[in-house]
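K.L.:
Give me a 3D structure for the following:
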Amino acid sequence: MSQLVINILDKALKSKGQSLKKTNEYMWWSPFVSHHKPKLQVNIQTGKWHCWVSNQGGHNHFQLLKAIGAPRELFKEMSEAVGSTYYSSEKKDEKQVILNLPKEAKPLWNGGDSVQKLHALKFVYERGLTMEDILRYNLHYCLSGVYQNRIIIPSYDSDGQLNYFVGRDFYKGGMKYKNPPIPKDIIGFDLYVNWDEPIILCEGVFDAMAIKNNSIPLFGKTILPKLYKKIVEKKVSDITICLDDDAFEDSLKITSKFMDNGIRVNFVKLQGKDPSDLGYKNMITHLNTSTEVNFKELMKMRIYGNK
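P.N.:
Numbers count the residues shown, from 1 in each chain. Below you'll find the predicted structure:
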């Protein structure tokens, strides 16, 4: 079986897998990035895969084939090789949105040192992010096109598929955000979420990246159906609400909704700042001083507001 899987992946990835010392672990050239070394690691036994540059990954061979847009016959071959039903992306009665990053998008961690790129890096660094964060979240930037002079922050689902992206103006001269014209009812940064651990809900992608620890951007001030459903289905026991101060009423609504489902909710008061302004170290301090909300406290906040 192992050699069959290797042969199929060789065809799909258009390169030869290189065996690592660790049993069943192989490296291929990553189809997600341009790099001078093989950066896509795959366990041919379990199917778990991870690109060490773009940070995309998944839990089985079919997710990888789906992520690279492999032809249907390779799904069938893989199904026969591993003795499992092959993954089909076709869903009846459901319109599937296929999203790609803007064609002009360039990796922020790679390439030349144009004036625009230096401005983009400055913008990111001023928000407390590091090169490690740039790699982890696969940040890009655009020099031209509809998203010109914008940092592109992708969001990936649990299969490593792009499900949304945010275009943030880094010159502070135009419209702050420009996003793709698709619904926001997705789970932001799902690829990086450990659903067995407490999660943090915040407004935007820069907030989530500043917090780092299992944080999910809402892309606004309300919680949409898909995220709410997954939190309940995954039986998340502990949530921290970390919205900006001007979203206090929205925070209370979200808090009440989760408390009704028996989920423990902690509340963070940001005192006029947002997570991306505070940065990682200050945010950790605020998170460590967050307070659990009980029914009495919830009623008190509804009556007296954010005091």
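K.L.:
Please make it C-alpha for all contacts and neighbour counts, starting now.
P.N.:
Fine.
K.L.:
per the record, what domains does this protein have?
P.N.:
Annotated domains of the chain cover 2-82, 104-182, 185-307 [automatic domain parsing].
K.L.:
mind putting these in JSON lines, mean neighbour count included?
P.N.:
Formatted as JSON lines, the domains of the chain follow (neighbours: other CA atoms under 10 Å):
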{"stretch": "domain 2-82", "mean neighbour count": "18"}
{"stretch": "domain 104-182", "mean neighbour count": "18"}
{"stretch": "domain 185-307", "mean neighbour count": "18"}
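K.L.:
OK, contacts around L121?
P.N.:
L108 (CA atoms under 8 Å, 6 or more residues apart in numbering).
K.L.:
distance of P217 from W28?
P.N.:
Taking CA to CA, to the nearest Å as the measure, P217 and W28 are separated by 32 Å.
K.L.:
now swap in F75 and tell me
P.N.:
Taking CA to CA, one finds F75 at 18 Å from W28.
K.L.:
go on, N214?
P.N.:
Remark: distance between N214 and W28 (CA to CA) = 29 Å.
K.L.:
hang on, the earlier thing: same list, the domains of the chain, but as a markdown table with mean pLDDT please.
P.N.:
Output for these, formatted as a markdown table (pLDDT from 0 to 100):
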| stretch | mean pLDDT |
| --- | --- |
| domain 2-82 | 86 |
| domain 104-182 | 89 |
| domain 185-307 | 82 |
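K.L.:
F258 should be in a helix, yeah?
P.N.:
Yes: assessed by DSSP: H, G, I helix; E, B strand; the rest coil, F258 belongs to a helix.
K.L.:
Do I have it right that it meets V265?
P.N.:
Yes: counting by CA atoms under 8 Å, F258 touches V265, with 7.2 Å between them.
K.L.:
Tell me which helix or strand E132 sits in.
P.N.:
Following DSSP states H and E, one finds E132 within helix 131-136.
K.L.:
ok now the helix or strand that that helix is followed by, how far from the chain's centre?
P.N.:
Note on helix 131-136: by DSSP H and E, the next helix or strand toward the C-terminus is strand 140-142. Remark: strand 140-142 is offset 17 Å from the chain centroid, using CA atoms, centre = their mean, to the nearest Å.
K.L.:
ditto for stretch 117-128
P.N.:
So, by CA atoms, centre = their mean, the centroid of stretch 117-128 is 20 Å from its chain's centroid.
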